[in-house]
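Q: below are the sequence and a predicted model; questions follow.
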Amino acid sequence: MKTIQIKAHLREETGKKNTKKLRKDGNVPCVMYGGDEVIHFYAHENSFKDLIYSPDVFIIKFDIEGRKIDGVLQEIQLHPVTDRLNHIDFVQVFDDRPVIMNIPIKATGESIGLKAGGKPRLKRRVLKVKGLLKDLPDKLEIDITDLTIGQSIKVHQLSYENLEILDPQRAMVIAVISSRMAAKDLIEEVEEEKGEEEAEATEGVADKEAEARTGNKPSEG
């Protein structure tokens, strides 16, 4: 698995005032779980660019003021308006302990169904697996050569050496569907998005009507 090096600093304080200052200076507050202690630290936001804006997964080799710690990304919090990094949680990992990670999927082979005019339908972009660090690959390859139109591959049909797949066994991973079904799926997605937009608009109208009834409508001018 790919690795990335990040140099970081321990946090002496963890209050709101200190956190605000860190972010103002372009740093990202972080927490490391999974070890003998919870570690609060920070690093400049530029240190995380290759980690965050990439489809790949990494083992992060931290140097926290001389202390060497390996970790994996657990959760990212972004600013709701600017999308800048607000906070990151990591989990400490060890060579001799199994780790749980989401590994990206990569379809391989020329599907019979695709050659016949079918369309690929990827239901899962990652699989959650458990294994030792040395056994974790960059990607989980799935051979779709024998898939015809209408066929799919489910979790229980997959296996990888020294890895345990934790996703539901009957969950679909990838399928080959007809062009007609692909078009139908696209229409359903568009209609679903349209419905969500209409619901939001309706809620907005309801809020304004409630303001008018309660007399809390902002004055104009």
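A: Yep, it's here.

Q: and the longest strand along the chain, which residues are buried?
A: In the chain, with assignment by DSSP state E, the single longest strand is strand 67-78. Buried residues in strand 67-78, counted by 16 or more other Cβ atoms under 10 Å: Ile69, Asp70, Gly71, Val72, Leu73. Glycine gets a C-beta too; all of them are placed from N, C-alpha and C.

Q: after that strand comes which helix or strand?
A: Downstream of strand 67-78, the next assigned helix or strand under DSSP states H and E is strand 85-92.

Q: packing partners for that following strand?
A: In this structure, strand 85-92 makes packing contacts with strand 27-33, strand 67-78, judged by 3 or more Cβ pairs under 8 Å, 6 or more residues apart in numbering; DSSP states H and E.

Q: can you redo these as CSV with distance to Ile4 and mean pLDDT?
A: Converted to CSV, these look like this (distance: least, Cβ to Cβ, whole Å; pLDDT from 0 to 100):
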stretch, distance to Ile4, mean pLDDT
strand 27-33, 14, 96
strand 67-78, 10, 94
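
Q: reformat those as CSV; add distance to Gln151.
A: Below are the helices and strands packed on strand 85-92 laid out as CSV (distance: least, Cβ to Cβ, whole Å):
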stretch, distance to Gln151
strand 27-33, 41
strand 67-78, 34
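
Q: show the contacting residues for the nearest residue to Glu75 once chain neighbours are set aside.
A: The shortest distance from Glu75 to any non-neighbouring residue, by Cβ to Cβ, 6 or more residues apart in numbering, is to Asp89 (4.3 Å). When contacts are counted by Cβ atoms under 8 Å, 6 or more residues apart in numbering, Asp89 touches Cys30, Val31, Tyr33, Leu73, Gln74, Glu75, Ile76.

Q: do you know how far the second one is from Leu136?
A: Going back to what we said before, that points to Val31. 22 Å (Cβ to Cβ, to the nearest Å).

Q: which of the two has more neighbours?
A: Leu136 (22 against 18; other Cβ atoms under 10 Å).

Q: list phi and psi for Phe58.
A: phi -130, psi 150 (degrees, to the nearest 10).

Q: what's the burial count for the residue lying closest to Asp56 once chain neighbours are set aside?
A: Nearest in space to Asp56, with sequence neighbours left out and distances taken as Cβ to Cβ, 6+ apart, is Lys2 at 5.8 Å. If you count neighbours by other Cβ under 10 Å, Lys2 ends up with 10.

Q: can you check the one 10 residues further on too?
A: Neighbour count for Glu12, taken as other Cβ under 10 Å: 7.

Q: which residues touch it?
A: With Cβ under 8 Å, 6+ apart, Glu12 has these contacts: Asn18.

Q: surely it is in a strand?
A: No. With DSSP: H, G, I helix; E, B strand; the rest coil as the criterion, Glu12 is assigned coil and is not in a strand.

Q: so it versus Val173, what's the distance?
A: 46 Å.

Q: next, the buried residues of stretch 23-30.
A: Under 16+ other Cβ under 10 Å, the buried positions of stretch 23-30 are Arg23, Asn27, Val28, Pro29, Cys30.

Q: now do the phi/psi pair for the closest residue in space to Asp95 that isn't next to it in sequence.
A: Spatial nearest neighbour of Asp95, chain neighbours left out: Leu133 (5.7 Å); criterion: Cβ to Cβ, 6+ apart. Note on Leu133: its backbone torsions stand at phi -50, psi -40 [degrees, to the nearest 10].
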